[in-house]
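Novice: okay, here's the prediction I keep looking at, along with the sequence it came from:
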Amino acid sequence: MTEDVAGADELLLRLRRFHSDYFPLHQQRFQDLVAQGQHPKTLFIGCSDSRVVPYLLTGAGPGELFIVRNVGAFIPPYDGSHGLHGTMAAIEFAVLSLHVERIIVCGHSHCGAIRAAYEGVPEEAVALQAWLKLATEALLPVRSSPEALRRTEQRVVVLQLERLMAYPMVRREVEKGALTLHGWHYVIEDGEIHVFDVRQGSFVPAAIASNSGTGPYQPYVEHDGQIISN
Ligand SMILES: [Zn+2]
């Protein structure tokens, strides 16, 4: 148990370090975000996996990402039900209140959720069992292998994009050209995002992808208004 005590102390030290070292350097930014409110342009839906670090991957800072994370980065089908769907509520808030311009769905390599969808979870994990059924449609009729898992991780991302398009407010904004969808698969060991290219029907490494998104494609506009590419 000494490890727990040491861990708690370490966490407290990190909290103090944030306040004393990081915060003073970025104080104005945080205070502006409080005074003016948040206006993130991106909804990031990612797996809860500790190795997925959205801010590092996207180079974003405070106020830039509205984040939902859950086991597997799954999106419940839109069925108009009034269940307690945290992910659904976050999508509605991001689109209807924050008016985000893009939604990223980010799966990743070595995803425990995808493996568990093939191999099962402990009996006691009843909520997890039900949740993992959201991946069923993407599973391959084979035994789990590294290749099958990788392909399934990517298929699951595409499945979630399809589900997103069934959300009325998402479809409406996408069709208006006000919202783009981005399907990503993060390969942890390579440090690279693979972007789903809807025209090719495949995942393309960011290094050679023409766009970060799934479509409809829009010109990329820098912060200063300069159009970088289309
Ligand atoms: Zn995962």
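Specialist: Thanks, I have it.
Novice: quick check: phi and psi on residue 27?
Specialist: phi -50, psi -50 (degrees, to the nearest 10).
Novice: ok, it to the ion distance?
Specialist: Going from residue 27 to the ion by Cβ to the ion, to the nearest Å gives 34 Å. The C-beta positions use only the backbone N, C-alpha and C, and glycine is treated the same way.
Novice: pLDDT at that residue, what is it?
Specialist: On the pLDDT scale, residue 27 is placed at 97.
Novice: burial measure for it, as a count.
Specialist: Here the count is done by other Cβ atoms under 10 Å, and residue 27 has 10 residues near it.
Novice: what's the answer for residue 22, then?
Specialist: Residue 22: 11 surrounding residues under other Cβ under 10 Å.
Novice: just residue 210 next, same as before
Specialist: There are 13 residues near residue 210, going by other Cβ under 10 Å.
Novice: so who does it touch?
Specialist: Residue 210 makes contact with residue 197, according to Cβ atoms under 8 Å, 6 or more residues apart in numbering.
Novice: SS state for it?
Specialist: At residue 210 the chain is in coil, as set by DSSP: H, G, I helix; E, B strand; the rest coil.
Novice: now the strands for the chain?
Specialist: Here the chain has its strands, by DSSP state E, at 42-47, 65-70, 102-108, 180-187, 192-197, 202-205, 220-221, 227-229.
Novice: mind checking the ones you listed for the one nearest to the ion?
Specialist: The ion lies closest to strand 42-47 among those, at 3.2 Å (Cβ to the ion).
Novice: how far off centre is that closest one?
Specialist: What separates the centre of strand 42-47 from the centre of its chain is 3 Å, taken as Cα atoms, centre = their mean, to the nearest Å.
Novice: send me the longest helix seen in the chain as CSV with only the CA atoms.
Specialist: Scanning the chain for the longest helix, with DSSP state H as the assignment, gives helix 146-165. Listed next in CSV are the C-alpha coordinates belonging to helix 146-165 (Å, rounded to 0.1, in the frame of the first residue of the first chain):
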residue,chain,number,x,y,z
PRO,A,146,-3.3,-8.5,-34.8
GLU,A,147,-4.4,-8.0,-38.4
ALA,A,148,-8.1,-8.5,-37.6
LEU,A,149,-8.0,-6.2,-34.6
ARG,A,150,-6.3,-3.4,-36.7
ARG,A,151,-8.9,-3.7,-39.4
THR,A,152,-11.7,-3.8,-36.9
GLU,A,153,-10.4,-0.7,-35.1
GLN,A,154,-10.7,1.1,-38.4
ARG,A,155,-14.1,-0.4,-39.4
VAL,A,156,-15.4,0.8,-36.0
VAL,A,157,-14.4,4.4,-36.7
VAL,A,158,-16.2,4.3,-40.0
LEU,A,159,-19.3,2.8,-38.3
GLN,A,160,-19.3,5.6,-35.8
LEU,A,161,-19.1,8.2,-38.6
GLU,A,162,-22.2,6.6,-40.2
ARG,A,163,-24.0,6.7,-36.9
LEU,A,164,-23.1,10.4,-36.5
MET,A,165,-24.7,11.1,-39.8
